[in-house]
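# Model the structure of this input:
(2 chains)
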Amino acid sequence: MALSSALLKQLENIVGSQGLVSSQEGRMVYEADMHTFYKGAPDVVVLPEITGQVAELVRFCRREHVALVPRGSGTGLIGGAMAPVGGVMVSLTRMNRILDLDLANRCATVQPGLINLWLSQATREHGYYFAPDPSSQMVSSIGGNASTNAGGPHCLKYGITVNHVLGLEVVTGAGEVLTVGGKAHDHPGYDLTGALVGGEGTLGLLTAITVRLLHVPAGVKTLLASFSAIDDASETVSAIVAAGIIPAALEMIDEIFVRAINEGVGAGYPKGAGAVLLIELDGPTAEIEAQAERIIRICRDHAALEVRVAQDEAERALLWKGRKEAAGAVGRMSPSWILQDAVVPRSRLPEIMREVQAIGARHRLVIANVFHAGDGNLHPMILYNDVEPDELERAKLANDELLRACLAMGGSVTGEHGVGLDKASSMPLQFAEADLGFMARFRRVFDPDGIMNPGKLLPSHPACGEGFKPFTPRIPAGTWV
Amino acid sequence: MAVSAPVVGDAFASIVGGEHCITAAPALAAASIDGLTPRWLASPGSVDEVSRVMALATAEGLGVAPRGSGSTQSLGAPPARLDLILDLSRLTDVLDYVPADMVMTAQAGATLGILGRALDKHGQMLALDPCGGISRSVGGVLATNASGPRRFRYGTGRDLLLGARFVQADGTVTWGGSRVVKSVTGYDIPKLLTGSLGTLGVIVEATLRLHPVQPASGSWLFAFAAREAAGAFVAAILASSLEPDRIEWLNGPALGRAGLEPAPVAVAVSVASVAEAVASQGDLLGSMASRLGARVSTLADGLWTRLGDALAGAILVKVAGEIRRLPFWAGEIESAAAGLGLRPTLMGEAGDGILRAAIEGSVSPETWASGFVRPLREALAAEGGSLVVERAPLALKQACDVWGPVPDVAQEVMKRLKVEFDPRGTLNPGRFVGGL
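Model (predicted):
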């Protein structure tokens, strides 16, 4: 479905000629997010600069019955910011300003296109930062983070994006400009702020976000513990949590990733380790010193080969650089992969990691793991070579078995990436019909005509699952998990 | 309705059992809300019974008020209709608790005390500490979004409720959220339920994030001669890298009611961590406070559980505003009350901009609305703040909208939600914002 030139003219009147991309090659740039299985170019991309334009765009799409797909930086991993049925894509990258920095109230109000890391950079000199830290934070936008309720390594201690969103300005799918929440922490009425975060662009477009800022902790201590077997590392994670210690981050990196990171990023992780744990403590100095001692003891009790403590900020940064660029580094080892984001109850970690290895063996596939172990959020990457005749099929089977294994342990379909197009059809594995029916009705309250990001988040939408043949997947340059 | 009333009552009795369906006048009178007496009080013994009661109530066009421990029925506007109290106090089971997961699933009628007893053994806690504490039901605490001093470090119900089973107005049993600490699968329905006063569905089961009890803790009272100095102390804590778990503001009457040493105003702070970090943070707090002229004393940890008792009384209001303006609002509340000859006992979460005032004295409904509620609300509106009358005699509630105004578009969206999920207005009709 292409938009007529008359309709394109109407859109141009809203956003100006500089705010509209309608050429074939221009639109192709927007055909996928980082989950390049799913491709669908919009008929047109518009780049509004103010909330009023966003509201006009929604009203236009309602009037013309055209699908509207919001997009931030496009670093999502779920087939979210792409247009399976074409339509109008609203890119919010030009709305990227900090509107209000209010340190006395420990908050900031920003436009959706603001890059996550820019906020921390703008506030760190005053002693504050924005806690949600998805690995993509140097390029992903806060609007995208809030739309997908993004996580990150440090949400083990600090919570995911929703725990840091105090208020929103949203243009709903009904075309209203809705302001909810704000600097005050409690507001009478339903918690629409909380319910709108994670809406994945199916409820409305976020046009301003008020977020919490946290004070930079007094101290940070980063440890790297290596183990000969992943089983020992998993047991260590459970033991740390069971000891009542919630580190700021507790990340697991398996042998395959250690090798890839060392070769690709040069992070200097211990060579030959079967698994390493990247553990970060932050807080009052006396607290992290005592906790570090305890953790080192737990690691040793679980047969750690070595526990290294970062001696300075440079070493700490290098250890984290390895972790954050891990997914991209695996591109050196395999042309293609499928990534899983399922969650298990944290006590089941050793068990699910054994299952991951068994599934890989059963399907003769290498499954690499780098993930947020402390909260049970797995990221198994199923590596395959699509030149081999049936590897993709086996990889998909393995992926499905992995997801089902996590859910059988009482887990969840997605811990931080979101549902998008990728997992919409998996929703019935976790939710009963009545639960999904409630969500569908909730959606309709905000999007009465079903124009907002159709096909995403919920199954059984007419647009869902039809006509999307996986393209030859390639790891995009720089992918963050 | 009058004709079929006995039949409906019999039907409720047949669902929950005769002994759990109360029709005796004195018992019903004791369960009345804002002077309105229900016709039945039913106490289901299972989720299925809740479902059947709700389906029947909605089919009959009744007004239903869900109730946990019953401690907070004062919250909300007077009901538009009240036929049935849906009492959840029989649903008290802890359904699932794996300490290593730091997650617990419990039925809505379980009190925080019941949960605490299970958690204590494993050195864990549910970090919700509202007034009335351990006798309140977890479902009620969530539905009213009740919180206490610990919210500064651990957040409120919205941060701690991971998943919820709830019964919709038509009886449909529904689940939202997850049973793990991290999940973004689908819409975050638990957020929608938290603080919704049961108007979209009745929470019957909650899966909650837990926290480890820290190995050591310390609490101190920093007493000041003036609000400005106390405010400067709070600001200094917030601008530091200290990590207290409570920062509580108390005015003079609050200190008196809590049995603490008298002062015009004080800030109570607690720190929980390893012993060394408690000691070092306590020292830092002490030196910061001393520079601002505070008198420092140590508090017993047990004080925190009974601190909320200081807010007992006929009238309770909650003010939420900007964090940095809390000392200002404390002053405004005190002077507005004093101008009407009322005596406010003030306490609040200074790191979150939340104040509660228990107000003593006699005031006419008109004066209450025009001399206290309205001017404060108008001033708070400029910063997106609010004043909620959480408890008051009926005449005072009727004289002012207890919730205060919600912006037009937000109110319209909330109305659409209510109409979508409870089109016949079964659940707490009239009690929520804007008469929902």
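# Low-confidence regions, chain A specifically.
Along chain A, segments meeting pLDDT under 70 span A:1, A:460-481.
# again, only using 80
Scanning chain A for pLDDT under 80 picks out the ranges A:1, A:327-333, A:460-481.
# okay, now the domains of it?
As assigned by automatic domain parsing, chain A contains the domains A:98-215, A:219-408.
# Which of those domains has the highest mean neighbour count?
domain A:98-215 (a mean of 23; mean count of other Cβ atoms under 10 Å in any protein chain shown). Every C-beta, even on glycine, is put in place using the N, C-alpha and C of the backbone.
# Distance from the chain centre to that one, please.
Relative to its chain's centre, domain A:98-215 lies at 14 Å (Cα atoms, centre = their mean, to the nearest Å).
# In space, not sequence, find me the middle residue of the chain.
Here I'm looking at chain A. residue A:417 (3.5 Å; Cα atoms, centre = their mean).
# Not quite, go with chain B.
What sits nearest the mean C-alpha location of chain B, by Cα atoms, centre = their mean, is residue B:146, with 1.8 Å.
# Read off the pLDDT value for that one.
Residue B:146 carries a pLDDT value of 97.
# wait, what's in contact with it?
B:72, B:128, B:130, B:131, B:132, B:136, B:140, B:157 (Cβ atoms under 8 Å, 6 or more residues apart in numbering or on different chains).
# before we move on, the earlier item: how about the domains of chain A, which one is nearest residue A:60?
Residue A:60 lies closest, by Cβ to Cβ, to one member of these: domain A:98-215, at 9.1 Å.
# so residue A:108 sits right up against residue A:130, yeah?
Yes: judged on Cβ atoms under 8 Å, residue A:108 makes contact with residue A:130 at a distance of 7.5 Å.
# Residues in contact with both of the two, list them for me.
The contact lists of residue A:108 and residue A:130 share A:119, A:123, A:211, A:213, where a contact means Cβ under 8 Å, 6+ apart.
# quick one: the helices in the stretch 1-150 of chain B?
B:5-16, B:25-30, B:47-59, B:112-120, B:138-143 (DSSP state H, counting those that start in this stretch).
# Most tightly packed of those?
Per residue and on average, the most neighbours among the helices of the stretch 1-150 of chain B fall to helix B:138-143, with a mean of 30 (mean count of other Cβ under 10 Å).
# Report all helices and strands that it contacts.
strand B:64-67, helix B:112-120, strand B:202-209 (3 or more Cβ pairs under 8 Å, 6 or more residues apart in numbering or on different chains; DSSP states H and E).
# Let me have these in TSV, extended by mean pLDDT.
Listed next are the helices and strands packed on helix B:138-143 as TSV, based on pLDDT from 0 to 100:
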stretch	mean pLDDT
strand B:64-67	98
helix B:112-120	97
strand B:202-209	98
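# closest to residue A:380 out of these?
strand B:202-209 (24.6 Å).
# Just checking: what are the partner strands of the closest one?
Using DSSP bridges, strand B:202-209 pairs in its sheet with strand B:103-107 (antiparallel), strand B:161-167 (antiparallel).
# can you list the residues that contact it?
B:47, B:50, B:54, B:66, B:86, B:88, B:91, B:95-96, B:102-108, B:126, B:138-139, B:142-143, B:159-167, B:173, B:177-179, B:181, B:193, B:427.
# Residue B:233 and residue A:145, how far apart?
The gap separating residue B:233 from residue A:145 is 34 Å, by Cβ to Cβ, to the nearest Å.
# For the domains of chain A, give me a markdown table that also has distance to residue B:348.
Output for the domains of chain A, formatted as a markdown table (distance: least, Cβ to Cβ, whole Å):
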| stretch | distance to residue B:348 |
| --- | --- |
| domain A:98-215 | 11 |
| domain A:219-408 | 25 |
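# Could you export those domains as a markdown table, including distance to chain B?
Converted to a markdown table, those look like this (distance: least, Cβ to the nearest Cβ, whole Å):
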| stretch | distance to chain B |
| --- | --- |
| domain A:98-215 | 3 |
| domain A:219-408 | 3 |
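# Residue A:445: which of the ones you listed is closest?
domain A:98-215 (8.4 Å).
# dump the residue contacts of residue A:122.
A:98, A:101.
# Tell me the helix or strand right after the strand or helix carrying it.
Assigned by DSSP states H and E, residue A:122 belongs to helix A:116-124. Per DSSP H and E, the first helix or strand lying C-terminal to helix A:116-124 is strand A:128-129.
# Give me the helices and strands touching that next one, please.
helix A:116-124, strand A:214-215.
# Who does the helix or strand that the shortest one is followed by pair with, and is each partner parallel or antiparallel?
Right, strand A:214-215. Using DSSP H and E, the helix or strand that follows strand A:214-215 in sequence is strand A:219-227. Here strand A:219-227 has these sheet partners by DSSP bridges: strand A:275-283 (antiparallel), strand A:304-309 (antiparallel).
# So which residues make contact with the helix or strand just after the shortest one?
Tracing the chain past strand A:304-309, the next element assigned as helix or strand by DSSP H and E is helix A:313-324. Under the contact criterion Cβ under 8 Å, 6+ apart, helix A:313-324 has outside partners A:135, A:153, A:220, A:222, A:224, A:251, A:253, A:261-262, A:265, A:267-269, A:278, A:310, A:329, A:370, A:480.
# Just to be sure, which of those are found in helices?
A:261, A:262, A:329 (DSSP state H).
# tell me which of these is nearest to residue B:295?
residue A:261 (55.2 Å).
# sorry, back to before: just the buried residues out of the contacts of residue B:146, in ChimeraX syntax.
Buried members of those, defined by 16 or more other Cβ atoms under 10 Å in any protein chain shown, are picked up in ChimeraX with:
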select /B:72,128,130,131,132,136,140,157
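# Many thanks, have a good one.
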